[in-house]
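Novice: can't give you the sequence, but here's the structure:
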């Protein structure tokens with residue numbers, strides 16, 4: 001079954017460097033995305049309530065974006081990406097999340113991201 005790409009945008013009251021730290025480091029990701037995160041080179045290991053998922057870091061640019069692919073989806077043209085955008089005029093920071101989902105699971109996937117980003121808001125204080 002084909003997964004469809006979707007993007008969600010969230011305003012974040014934070015500097016790009018601080019936000020990037022929460023998106024790209026095991027310690028930062030452990031605070032809001034998973035119960036625990038470890039990394040070895042390009043491999044990141046995400047742990048939730050005893051289950052572990054691994055992802056490969058595909059690309060990154062400091063204070064701009066980071067892109068991963070779940071290892072179980074290797075060979076598929078899917079990924080998840082966190083992109084930081086800064087409005088040139090207002091300097092407002094937004095986090096753009098790109099992910100893929102089965103069509104029948106799309107609303108549930110969006111709700112999960114909204115919940116995760118809500119946790120991030122609380123940690124950052126924005």
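Specialist: Nice, I can see it. Fair warning: this is a prediction, and the values are worked out from it, not measured in the lab.
Novice: Mind listing what's buried along stretch 85-102?
Specialist: By neighbour count, and taking 16 or more other CB atoms under 10 Å as the criterion, the buried residues in stretch 85-102 are 93, 95, 97, 98, 99, 100, 101. Backbone N, C-alpha and C define where each C-beta goes, glycine included.
Novice: nope, stretch 104-114 is what I meant
Specialist: Residues of stretch 104-114 classed as buried: 109, 113 (neighbour count, 16+ other CB under 10 Å).
Novice: so of the buried residues of stretch 85-102, which ones are in strands?
Specialist: Residues of the buried residues of stretch 85-102 located in strands (DSSP state E): 93, 95, 97, 98, 99, 100, 101.
Novice: Farthest-apart pair in the buried residues of stretch 85-102, please.
Specialist: Of all pairs drawn from the buried residues of stretch 85-102, the greatest distance, 25.3 Å, lies between 93 and 101 (CB to CB).
Novice: biggest strand in this protein by residues?
Specialist: Here the longest strand in the chain is taken by residue count, with DSSP E as the criterion, and it is strand 51-61.
Novice: From the contact counts, what lies against that strand?
Specialist: Counting contacts by 3 or more CB pairs under 8 Å, 6 or more residues apart in numbering; DSSP states H and E, strand 51-61 packs against strand 43-48, strand 65-70.
Novice: what's next to the first one, contact-wise?
Specialist: Residues external to strand 43-48 that are found in contact with it (CB atoms under 8 Å, 6 or more residues apart in numbering): 26, 29, 33-39, 52-57, 68, 71.
Novice: what's the one residue sitting closest to the centre of the chain in contact with, if anything?
Specialist: Among the residues of the chain, the one closest to the centroid is residue 82, at 4.7 Å (CA atoms, centre = their mean). By CB under 8 Å, 6+ apart, residue 82 lies in contact with 23, 24, 65, 66, 67, 95, 96, 97.
Novice: Helix, strand, or coil at it?
Specialist: When the structure is split into helix, strand and coil by DSSP: H, G, I helix; E, B strand; the rest coil, residue 82 lands in strand.
Novice: Perfect, I'm done here.
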